[in-house]
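> give me a model of this one.
(one chain, ligands or ions: 1)
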Amino acid sequence: MNELLKGKPVADAIVEALKNDTTVLESKDIIPCLALIRVGEKSDDIAYERGIVKRCDDIGIKTKKVELAENITQEAFLSALKEVNEDSLVHGILIFRPLPKQLDEKVIEVSIAPGKDVDCLHPENTAKLLTGDESGFVPCTPMAVMEIFKHYQIPLEGKNAVVLGRSMVVGKPAALLLLQENATVTVAHSRTKELEKITAGADILIAAIGRSEFVREAHIKEGAVVADVGINVDEEGNMTGDVHQDEAKSKAGAFTPVPGGVGSVTTAVLAKQVIKACKMQHK
Ligand SMILES: Nc1nc(=O)c2c([nH]1)NC[C@@H]1CN(c3ccc(C(=O)N[C@@H](CCC(=O)O)C(=O)O)cc3)C=[N+]21
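Numbering: from 1, shown residues only. Sure, this is the predicted structure:
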(Lines give C-alpha, C1' and ligand atoms only; values in the text may rest on other atoms or scores of the structure.)
Protein backbone atom coordinates (compact mmCIF):
# COMPACT_ATOMS: atom_id res chain seq x y z
CA MET A 1 0.00 0.00 0.00
CA ASN A 2 1.22 3.44 -0.82
CA GLU A 3 -0.60 6.39 0.63
CA LEU A 4 -0.14 9.98 -0.48
CA LEU A 5 -0.24 12.22 2.59
CA LYS A 6 -1.71 15.34 1.02
CA GLY A 7 -1.60 18.54 3.02
CA LYS A 8 -4.87 20.08 1.85
CA PRO A 9 -7.31 17.98 3.92
CA VAL A 10 -5.11 18.60 6.98
CA ALA A 11 -4.98 22.35 6.38
CA ASP A 12 -8.74 22.43 5.67
CA ALA A 13 -9.52 20.73 8.99
CA ILE A 14 -7.31 23.17 10.90
CA VAL A 15 -8.85 26.16 9.08
CA GLU A 16 -12.42 25.01 9.76
CA ALA A 17 -11.73 24.88 13.50
CA LEU A 18 -10.07 28.30 13.41
CA LYS A 19 -13.03 29.92 11.67
CA ASN A 20 -15.14 29.09 14.73
CA ASP A 21 -12.54 30.80 16.89
CA THR A 22 -12.44 33.97 14.78
CA THR A 23 -16.25 34.15 14.83
CA VAL A 24 -16.27 33.98 18.63
CA LEU A 25 -13.48 36.56 18.89
CA GLU A 26 -15.25 38.85 16.43
CA SER A 27 -18.39 38.80 18.59
CA LYS A 28 -16.18 40.31 21.30
CA ASP A 29 -14.83 42.91 18.86
CA ILE A 30 -11.43 41.23 18.71
CA ILE A 31 -9.79 40.84 15.30
CA PRO A 32 -6.70 38.62 15.48
CA CYS A 33 -3.75 40.28 13.76
CA LEU A 34 -0.39 38.99 12.56
CA ALA A 35 2.49 41.38 11.83
CA LEU A 36 4.86 40.24 9.07
CA ILE A 37 8.29 41.81 9.21
CA ARG A 38 10.15 41.55 5.90
CA VAL A 39 13.57 43.05 5.21
CA GLY A 40 14.22 43.51 1.50
CA GLU A 41 12.50 41.75 -1.40
CA LYS A 42 13.75 38.14 -1.39
CA SER A 43 11.56 36.02 -3.65
CA ASP A 44 11.14 33.14 -1.20
CA ASP A 45 10.13 35.55 1.58
CA ILE A 46 7.56 37.05 -0.78
CA ALA A 47 6.28 33.60 -1.77
CA TYR A 48 5.80 32.65 1.88
CA GLU A 49 4.25 36.05 2.65
CA ARG A 50 1.74 35.65 -0.16
CA GLY A 51 0.70 32.23 1.18
CA ILE A 52 0.35 33.57 4.72
CA VAL A 53 -1.76 36.59 3.73
CA LYS A 54 -4.10 34.43 1.64
CA ARG A 55 -4.55 31.94 4.47
CA CYS A 56 -5.13 34.66 7.08
CA ASP A 57 -7.65 36.50 4.86
CA ASP A 58 -9.65 33.31 4.49
CA ILE A 59 -9.78 32.71 8.25
CA GLY A 60 -10.47 36.29 9.30
CA ILE A 61 -7.02 37.12 10.63
CA LYS A 62 -5.73 40.58 9.81
CA THR A 63 -2.18 40.92 8.52
CA LYS A 64 0.02 43.95 8.96
CA LYS A 65 2.98 44.07 6.60
CA VAL A 66 6.07 45.79 7.94
CA GLU A 67 8.40 46.24 4.98
CA LEU A 68 11.92 47.38 5.76
CA ALA A 69 14.83 48.33 3.50
CA GLU A 70 17.49 45.69 2.79
CA ASN A 71 20.16 47.98 4.30
CA ILE A 72 18.25 48.82 7.49
CA THR A 73 20.39 49.32 10.61
CA GLN A 74 20.08 47.15 13.71
CA GLU A 75 18.79 50.13 15.66
CA ALA A 76 16.05 50.92 13.14
CA PHE A 77 15.06 47.26 12.94
CA LEU A 78 14.75 47.01 16.72
CA SER A 79 12.63 50.13 16.84
CA ALA A 80 10.25 48.70 14.18
CA LEU A 81 10.07 45.48 16.20
CA LYS A 82 9.38 47.41 19.41
CA GLU A 83 6.47 49.13 17.72
CA VAL A 84 4.67 45.85 16.92
CA ASN A 85 5.68 44.36 20.28
CA GLU A 86 3.84 47.22 21.98
CA ASP A 87 0.90 47.49 19.59
CA SER A 88 -2.04 45.94 21.46
CA LEU A 89 -3.86 45.36 18.15
CA VAL A 90 -1.06 43.01 16.98
CA HIS A 91 -1.20 39.50 18.49
CA GLY A 92 1.46 37.60 16.53
CA ILE A 93 4.77 38.55 14.89
CA LEU A 94 6.65 36.68 12.18
CA ILE A 95 10.07 37.80 10.96
CA PHE A 96 11.14 36.41 7.58
CA ARG A 97 14.57 34.80 7.75
CA PRO A 98 17.43 34.65 7.17
CA LEU A 99 18.02 38.34 7.86
CA PRO A 100 20.72 40.38 6.10
CA LYS A 101 24.20 40.26 7.63
CA GLN A 102 24.21 43.70 9.30
CA LEU A 103 21.40 42.52 11.60
CA ASP A 104 22.26 40.52 14.71
CA GLU A 105 19.74 37.66 14.92
CA LYS A 106 20.84 36.75 18.47
CA VAL A 107 19.83 40.20 19.74
CA ILE A 108 16.63 40.20 17.67
CA GLU A 109 15.59 36.79 19.06
CA VAL A 110 15.51 38.09 22.62
CA SER A 111 13.81 41.35 21.56
CA ILE A 112 10.58 39.85 20.21
CA ALA A 113 7.74 39.76 22.75
CA PRO A 114 7.59 36.05 23.76
CA GLY A 115 3.78 36.08 23.88
CA LYS A 116 3.61 37.23 20.24
CA ASP A 117 6.41 35.02 18.98
CA VAL A 118 4.28 32.68 16.82
CA ASP A 119 7.32 31.37 14.90
CA CYS A 120 9.30 30.37 18.04
CA LEU A 121 12.29 32.68 17.81
CA HIS A 122 12.63 33.72 21.45
CA PRO A 123 14.65 31.42 23.77
CA GLU A 124 11.71 31.42 26.20
CA ASN A 125 9.67 29.60 23.56
CA THR A 126 12.48 27.21 22.58
CA ALA A 127 12.84 26.38 26.29
CA LYS A 128 9.11 25.65 26.52
CA LEU A 129 9.41 23.40 23.49
CA LEU A 130 12.30 21.55 25.16
CA THR A 131 10.38 21.04 28.40
CA GLY A 132 7.06 20.25 26.73
CA ASP A 133 5.34 23.33 28.17
CA GLU A 134 2.41 23.88 25.83
CA SER A 135 1.92 27.53 26.72
CA GLY A 136 4.67 28.44 24.23
CA PHE A 137 4.86 28.46 20.43
CA VAL A 138 6.41 25.80 18.21
CA PRO A 139 8.13 26.42 14.84
CA CYS A 140 5.43 26.10 12.17
CA THR A 141 7.05 23.63 9.76
CA PRO A 142 7.78 20.76 12.18
CA MET A 143 4.36 21.37 13.76
CA ALA A 144 2.85 20.96 10.27
CA VAL A 145 4.54 17.56 9.99
CA MET A 146 3.03 16.51 13.33
CA GLU A 147 -0.42 17.73 12.26
CA ILE A 148 -0.14 15.57 9.13
CA PHE A 149 0.80 12.51 11.20
CA LYS A 150 -2.10 13.18 13.56
CA HIS A 151 -4.61 13.69 10.75
CA TYR A 152 -3.65 10.47 8.97
CA GLN A 153 -3.43 8.60 12.29
CA ILE A 154 0.18 7.55 11.82
CA PRO A 155 1.31 5.77 14.99
CA LEU A 156 4.50 7.24 16.46
CA GLU A 157 4.82 5.56 19.83
CA GLY A 158 7.79 3.20 19.96
CA LYS A 159 8.61 3.79 16.28
CA ASN A 160 12.11 4.42 15.01
CA ALA A 161 12.02 8.00 13.75
CA VAL A 162 14.96 9.53 11.91
CA VAL A 163 15.16 13.27 11.38
CA LEU A 164 17.49 14.24 8.58
CA GLY A 165 18.70 17.77 9.36
CA ARG A 166 19.40 19.65 12.59
CA SER A 167 18.32 23.25 12.03
CA MET A 168 16.62 25.29 14.74
CA VAL A 169 13.70 25.86 12.35
CA VAL A 170 12.95 22.24 11.50
CA GLY A 171 15.31 19.40 12.48
CA LYS A 172 15.82 20.01 16.20
CA PRO A 173 12.21 20.94 16.98
CA ALA A 174 10.95 17.99 14.89
CA ALA A 175 13.10 15.65 17.00
CA LEU A 176 11.65 17.08 20.23
CA LEU A 177 8.07 16.84 19.00
CA LEU A 178 8.57 13.20 17.95
CA LEU A 179 10.10 12.43 21.33
CA GLN A 180 7.04 13.92 23.00
CA GLU A 181 4.96 11.36 21.08
CA ASN A 182 7.17 8.55 22.42
CA ALA A 183 9.05 7.79 19.22
CA THR A 184 12.67 6.65 19.40
CA VAL A 185 14.46 9.51 17.70
CA THR A 186 17.74 9.71 15.79
CA VAL A 187 18.96 12.99 14.34
CA ALA A 188 21.16 12.49 11.27
CA HIS A 189 22.96 15.26 9.40
CA SER A 190 25.68 16.09 6.88
CA ARG A 191 28.47 14.62 9.05
CA THR A 192 26.61 11.41 9.89
CA LYS A 193 28.52 8.26 8.90
CA GLU A 194 26.75 5.58 6.90
CA LEU A 195 23.70 7.76 6.58
CA GLU A 196 21.85 5.29 4.34
CA LYS A 197 22.07 2.56 6.96
CA ILE A 198 20.55 4.85 9.57
CA THR A 199 17.73 6.24 7.46
CA ALA A 200 16.95 2.77 6.08
CA GLY A 201 16.12 1.72 9.65
CA ALA A 202 13.53 4.45 10.03
CA ASP A 203 9.83 3.66 10.35
CA ILE A 204 9.31 7.42 10.19
CA LEU A 205 11.68 9.57 8.13
CA ILE A 206 11.63 13.36 8.12
CA ALA A 207 13.72 14.93 5.38
CA ALA A 208 14.80 18.46 6.24
CA ILE A 209 18.26 18.92 4.77
CA GLY A 210 17.49 21.50 2.12
CA ARG A 211 19.02 19.50 -0.73
CA SER A 212 16.85 18.76 -3.71
CA GLU A 213 15.90 15.06 -4.08
CA PHE A 214 18.66 13.96 -1.70
CA VAL A 215 16.66 11.06 -0.25
CA ARG A 216 16.65 8.12 -2.69
CA GLU A 217 15.29 4.59 -2.67
CA ALA A 218 18.29 3.23 -0.74
CA HIS A 219 17.62 5.65 2.15
CA ILE A 220 14.06 4.46 2.65
CA LYS A 221 12.87 1.42 4.56
CA GLU A 222 10.21 -0.60 2.76
CA GLY A 223 6.82 0.67 3.95
CA ALA A 224 8.21 3.65 5.89
CA VAL A 225 6.33 6.92 6.40
CA VAL A 226 8.30 9.75 4.77
CA ALA A 227 7.66 13.44 5.44
CA ASP A 228 9.37 15.83 3.05
CA VAL A 229 9.94 19.32 4.38
CA GLY A 230 12.08 20.56 1.47
CA ILE A 231 11.04 23.46 -0.71
CA ASN A 232 13.68 23.71 -3.44
CA VAL A 233 13.04 25.72 -6.57
CA ASP A 234 15.10 25.11 -9.73
CA GLU A 235 15.95 27.59 -12.51
CA GLU A 236 12.69 26.88 -14.34
CA GLY A 237 10.71 27.57 -11.18
CA ASN A 238 9.81 23.93 -10.56
CA MET A 239 9.41 22.98 -6.92
CA THR A 240 11.16 19.88 -5.63
CA GLY A 241 11.45 18.39 -2.16
CA ASP A 242 14.37 16.81 -0.32
CA VAL A 243 12.98 13.41 -1.33
CA HIS A 244 13.04 11.86 -4.80
CA GLN A 245 9.29 11.48 -5.30
CA ASP A 246 9.25 8.56 -7.75
CA GLU A 247 11.61 6.53 -5.60
CA ALA A 248 9.60 7.28 -2.45
CA LYS A 249 6.51 6.16 -4.32
CA SER A 250 7.94 2.72 -5.02
CA LYS A 251 9.43 2.17 -1.56
CA ALA A 252 7.60 4.11 1.15
CA GLY A 253 4.29 3.08 2.69
CA ALA A 254 3.16 6.69 2.80
CA PHE A 255 4.79 10.00 1.90
CA THR A 256 4.05 13.71 1.64
CA PRO A 257 4.16 15.23 -1.87
CA VAL A 258 5.99 18.45 -2.81
CA PRO A 259 4.26 20.75 -3.55
CA GLY A 260 0.98 20.07 -1.76
CA GLY A 261 2.38 18.39 1.35
CA VAL A 262 4.00 19.83 4.46
CA GLY A 263 4.38 23.30 2.88
CA SER A 264 0.65 23.59 2.38
CA VAL A 265 -0.05 22.94 6.08
CA THR A 266 2.57 25.39 7.42
CA THR A 267 0.48 28.53 6.96
CA ALA A 268 -2.53 26.85 8.63
CA VAL A 269 -0.35 26.03 11.65
CA LEU A 270 0.91 29.61 11.70
CA ALA A 271 -2.68 30.87 11.71
CA LYS A 272 -3.48 28.47 14.56
CA GLN A 273 -0.66 29.95 16.62
CA VAL A 274 -1.85 33.52 15.92
CA ILE A 275 -5.29 32.58 17.28
CA LYS A 276 -3.63 30.97 20.30
CA ALA A 277 -1.61 34.15 20.91
CA CYS A 278 -4.73 36.30 20.50
CA LYS A 279 -6.72 34.21 22.97
CA MET A 280 -3.88 34.31 25.52
CA GLN A 281 -3.66 38.08 25.24
CA HIS A 282 -7.39 38.50 25.81
CA LYS A 283 -7.75 36.14 28.78
N1 LIG B 1 10.71 32.80 9.55
C2 LIG B 1 10.64 32.18 8.37
N3 LIG B 1 10.05 30.97 8.28
C4 LIG B 1 9.92 30.33 7.08
O5 LIG B 1 9.36 29.23 7.00
C6 LIG B 1 10.45 30.97 5.90
C7 LIG B 1 11.06 32.24 6.05
N8 LIG B 1 11.16 32.80 7.29
N9 LIG B 1 11.54 32.91 4.97
C10 LIG B 1 11.31 32.40 3.64
C11 LIG B 1 11.29 30.89 3.59
C12 LIG B 1 10.69 30.36 2.33
N13 LIG B 1 9.44 29.78 2.69
C14 LIG B 1 8.47 29.36 1.79
C15 LIG B 1 7.32 28.75 2.20
C16 LIG B 1 6.34 28.38 1.31
C17 LIG B 1 6.51 28.59 -0.05
C18 LIG B 1 5.45 28.18 -1.01
O19 LIG B 1 5.56 28.38 -2.19
N20 LIG B 1 4.35 27.56 -0.53
C21 LIG B 1 3.26 27.11 -1.31
C22 LIG B 1 2.95 25.67 -1.06
C23 LIG B 1 4.13 24.79 -1.11
C24 LIG B 1 3.76 23.35 -1.03
O25 LIG B 1 2.64 22.97 -1.33
O26 LIG B 1 4.65 22.56 -0.67
C27 LIG B 1 2.00 27.89 -0.91
O28 LIG B 1 1.96 28.42 0.18
O29 LIG B 1 1.05 27.89 -1.73
C30 LIG B 1 7.67 29.18 -0.48
C31 LIG B 1 8.64 29.57 0.42
C32 LIG B 1 9.31 29.83 4.06
N33 LIG B 1 10.36 30.40 4.63
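> near the ligand, which residues of the protein show up?
44-45, 47-48, 51, 94-97, 119, 141, 231, 258-261, 263-264, 267 (CB under 6 Å from any ligand atom). Every residue, glycine included, has its C-beta placed from N, CA and C.
> from those residues, which land in helices?
D44, D45, A47, Y48, G51, T141, G263, S264, T267 (DSSP state H).
> all helices for this protein, in order.
In the chain, the segments counted as helices under DSSP H are 8-27, 43-59, 74-86, 105-109, 123-131, 140-151, 171-180, 195-199, 245-251, 262-281.
> starting at the chain centroid, how far to stretch 192-206?
Put simply, stretch 192-206 sits 22 Å off its chain's centre (CA atoms, centre = their mean, to the nearest Å).
> contacts for that stretch?
For stretch 192-206, contacts defined as CB atoms under 8 Å, 6 or more residues apart in numbering pick out 142, 145, 149, 154, 156, 159-165, 171, 174, 178, 183, 186, 188, 215, 218-221, 224-227, 229.
> show the buried residues in the residues you listed.
Taking 16 or more other CB atoms under 10 Å as the criterion, what is buried in the contacts of stretch 192-206 is 142, 145, 149, 154, 156, 159-165, 171, 174, 178, 183, 186, 188, 215, 219-221, 224-227, 229.
> hang on, the earlier thing: most surrounded residue in the ones in helices among the residues of the chain next to the ligand?
T267 (25 neighbours; other CB atoms under 10 Å).
> which neighbours does the helix-or-strand element of the chain with minimal mean pLDDT have in its sheet, and in what orientation?
Of all helical and strand segments in the chain, the minimum by mean pLDDT, DSSP states H and E falls on strand 232-233, at a mean of 92. For strand 232-233, the paired strands and their directions (DSSP bridges) are strand 239-240 (antiparallel).
> how about the contacts made by M168?
Applying CB under 8 Å, 6+ apart to M168 gives the contacts T126, P139.
> ok, now I46?
Residues in contact with I46 (CB under 8 Å, 6+ apart) are R38.
> what does the one 3 residues further on give?
The contact partners of E49, by CB under 8 Å, 6+ apart, come to L36, R38, K65, F96.
> return the member of these nearest to V90.
Ranked by distance to V90 (CB to CB), the contacts of E49 are led by L36 at 10.3 Å.
> any idea how far the nearest residue to A174 once chain neighbours are set aside is from the ligand?
Nearest-residue entry for A174: P142, 3.9 Å, with adjacent residues in sequence omitted and distances by CB to CB, 6 or more residues apart in numbering. Separation of P142 from the ligand (CB to the nearest ligand atom, to the nearest Å) stands at 11 Å.
> run a quick check on P142 versus S167, I expect a contact.
No - P142 lies out of contact with S167 (CB atoms under 8 Å); the separation is 9.8 Å.
> what do these two both touch?
The contact sets of P142 and S167 overlap at A208 (CB under 8 Å, 6+ apart).
> where does the stretch 1-150 of the chain have low pLDDT?
Counting by pLDDT under 70, the stretch 1-150 of the chain has low-confidence residues at 1.
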